[in-house]
Structures are given as structure tokens and as C-alpha cells.
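Student: Sequence and predicted structure below; questions after.
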Amino acid sequence: MMSLSDKLPQTSDRYDMMQRFRSREAWHVMKIMSEFVDSAEELQGITPAVSIFGSARTPRDHPYYKLTEEVARLLSDSGFSVISGGGPGIMEAANKGAFYGKSPSVALNIVLPHEQKPNEYQDLSIKFNHFFSRKVMFVKHAIAYVVMPGGFGTLDEMFEALTLIQTGKSRPIPIILCCSEFWSGLIDWVKNHLVKEGMINPDDVNLIQLIDEPGQIVETIFKHYETRGFEALPEEREKLLNL
């Protein structure tokens, strides 16, 4: 009867396998570094920019799609570049609204085995293989977040931004949730469980704003920056370097 040791590679073979794996891993780290460097260079000129998130599965005739397009167009015409994930659904609506506006439509595309296909409304298109480097660029180059209805990916991006701001790793920016009926259950859960059970501070809830009117979204972003301008302050630049 064959033992487990008989099935394992011999010592020299295991050593060779580990060496090959380490070489591949080191090369992979270099590829990740190049992804950060290339995307950072590409995105230098798009400030001020607003990141819009939402579901890839929202059809074009859905009210969420039409509202996102309206929000993005208004932001673009107001001088903000609009950053989306570059795929279909809400991401397409965001890019489309900005594409026909006055400011650039930016897409941070992710390579996925399914669901992600680049939309056609991109003035600047950047491809990522890693979610984490892509999320850094969403935060680093946005002066506000507008979060439309979405699934796990949307929630991931929203809570990532909230965590960075809450912990002081990122500068405070407006995080605006649009379509209050969709988000109200989540906000109630945050208040009734996270706050009441001491998981977060009561003031942390104020990091989130519920706004449904496109004009009010733009007005809120301008109001946040009216006394300081859109450029990151020196101490904020240091934080963004250490995201």
C-alpha cells in the first residue's frame, strides 16, 4: 500500500518546485508594482474627480441607470471627471453621462472571468488585474464617492472608503448614497446594530449622506470643499501615499 510520503515529490524535486514558485511570486510582485505605477501616471491629470459605484447588472431601461447617467452628466458639466469601474450596468451609465458631458469619463476596468466587459463610453480606460490596486486608485484620485444601488462589489468599495476615513488612513471626503429607499434598510441596520452594540461610534454614521436629487449631490460636493479647494492638503497627500 502506497504511503503519503511515496506520493510527495522527492526532496530535490520539492526544492526545485519551491524555487520556481518563488521566482514566479517575485515576478508577480513586480507586475503588481507596475500596475500601481502605470495607473497612477495615467490618472494624474483627471482631478477633480468623483467615483461612482453601482451594480454591473442594472439594465439600461432601469430607473437606476437613468438616474446614474443624469448624475454623471451633471457632475461632468460641473467640472468633475467621473470615475467608474468601466463595466456594464451602473458603471456604463456613469461613463455614458460623463462621456457626453464636458469633463473626462474615466474607467478602471477589472479583468474577470465573467460579468465585466468594458463599456464604450470611456475617454480614459485603464485595465487592472487586481481588485486591491484598483480600489486604491478609486480612493486616491476621488474627491467624493457617489454610491448607487449595487451588490457585493459596490458594498466592498463603499465600506473600504468608510474604513479608510474612519481609521484616519484617508482624507475625509463626501460619501453619498443615492436612492435612499434602496439604502434605508442598511442605514437602519448600521444604527440599530453597529452603533447600539458599540461596533462603531455614533459619529461614524455621519460619514454617510443619503441624497437622491442629482443637483443636491453636486451642491453637497461643492459645499464640502468651498472653504479649502479640491487639492489635497500636505498632510492629506501624506495619507494618500500610505493608503
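Tutor: Thanks, I have it.

Student: can you pull out the strands in the chain?
Tutor: 49-53, 81-84, 105-110, 124-128, 144-147, 175-177, 208-210 (DSSP state E).

Student: which one of the ones you listed lies closest to Val190?
Tutor: strand 208-210 (7.9 Å; Cβ to Cβ). (Glycine included, C-beta is placed from N, CA and C.)

Student: ok, Asp204 - contacts?
Tutor: Leu162, Gln166, Leu194, Val195 (Cβ atoms under 8 Å, 6 or more residues apart in numbering).

Student: List only buried entries from the residues you listed.
Tutor: Neighbour-count burial (16 or more other Cβ atoms under 10 Å) applied to these gives Leu162, Gln166, Val195.

Student: and the second one, what pLDDT?
Tutor: I take that to be Gln166. Looking at Gln166, its pLDDT stands at 95.

Student: and what of the first one?
Tutor: Confidence at Leu162, expressed as pLDDT, is 96.

Student: Apart from its chain neighbours, what residue comes closest to it?
Tutor: Excluding its sequence neighbours, the residue lying closest to Leu162 (Cβ to Cβ, 6 or more residues apart in numbering) is Leu207, at 5.6 Å.

Student: residues near that neighbour, how many?
Tutor: 16 (other Cβ atoms under 10 Å).

Student: what's the answer for Ala93, then?
Tutor: 29.

Student: Could I get the contacting residues of it?
Tutor: Gly54, Thr58, Arg60, Tyr64, Tyr65, Lys66, Thr68, Glu69, Ala72.

Student: What remains of the residues you listed if I keep only buried residues?
Tutor: If you count burial by 16+ other Cβ under 10 Å, the buried members of the contacts of Ala93 come out as Gly54, Thr58, Tyr64, Tyr65, Thr68, Glu69, Ala72.

Student: Next, find the distance separating the residue nearest to the spatial centre of the chain from Val147.
Tutor: Of all residues in the chain, the one closest to the mean position by Cα atoms, centre = their mean is Phe138, 4.2 Å from it. Between Phe138 and Val147 the distance is 11 Å, computed by Cβ to Cβ, to the nearest Å.

Student: who touches both of those two?
Tutor: Taking Cβ under 8 Å, 6+ apart as the contact rule, Phe138 and Val147 both touch Phe53, Glu157.

Student: Using CSV, please lay out the buried ones among the contacts of Asp204 together with distance to Glu219.
Tutor: Output for the buried ones among the contacts of Asp204, formatted as CSV (distance: Cβ to Cβ, whole Å):
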residue, distance to Glu219
Leu162, 22
Gln166, 25
Val195, 28
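
Student: picking that back up, go through the contacts of Ala93 and flag which are in helices.
Tutor: Tyr64, Tyr65, Lys66, Thr68, Glu69, Ala72 (DSSP state H).

Student: out of those, who's nearest Ile46?
Tutor: Nearest member of these to Ile46, counting by Cβ to Cβ, is Ala72, at 14.1 Å.

Student: rewinding a little: out of the strands of the chain, which comes closest to Met33?
Tutor: Of the strands of the chain, nearest to Met33 by Cβ to Cβ is strand 124-128, at 13.2 Å.

Student: Would you mind getting the angle between that closest one and strand 105-110?
Tutor: Relative orientation of strand 124-128 versus strand 105-110 (axes from the mean of the first three to the mean of the last three Cα atoms, to 10 degrees): 10 degrees.

Student: So for strand 124-128, mean pLDDT?
Tutor: Across strand 124-128, pLDDT averages out at 91.

Student: Paired strands for it, with orientation please.
Tutor: If you go by DSSP bridges, strand 124-128 pairs up with strand 105-110 (parallel).

Student: ok, the residue nearest to Glu231 when sequence neighbours are not counted - contacts?
Tutor: Nearest residue to Glu231, sequence neighbours excluded (Cβ to Cβ, 6+ apart): Thr47, at 7.7 Å. When contacts are counted by Cβ under 8 Å, 6+ apart, Thr47 touches Ser81, His141, Ile143, Phe230, Glu231.
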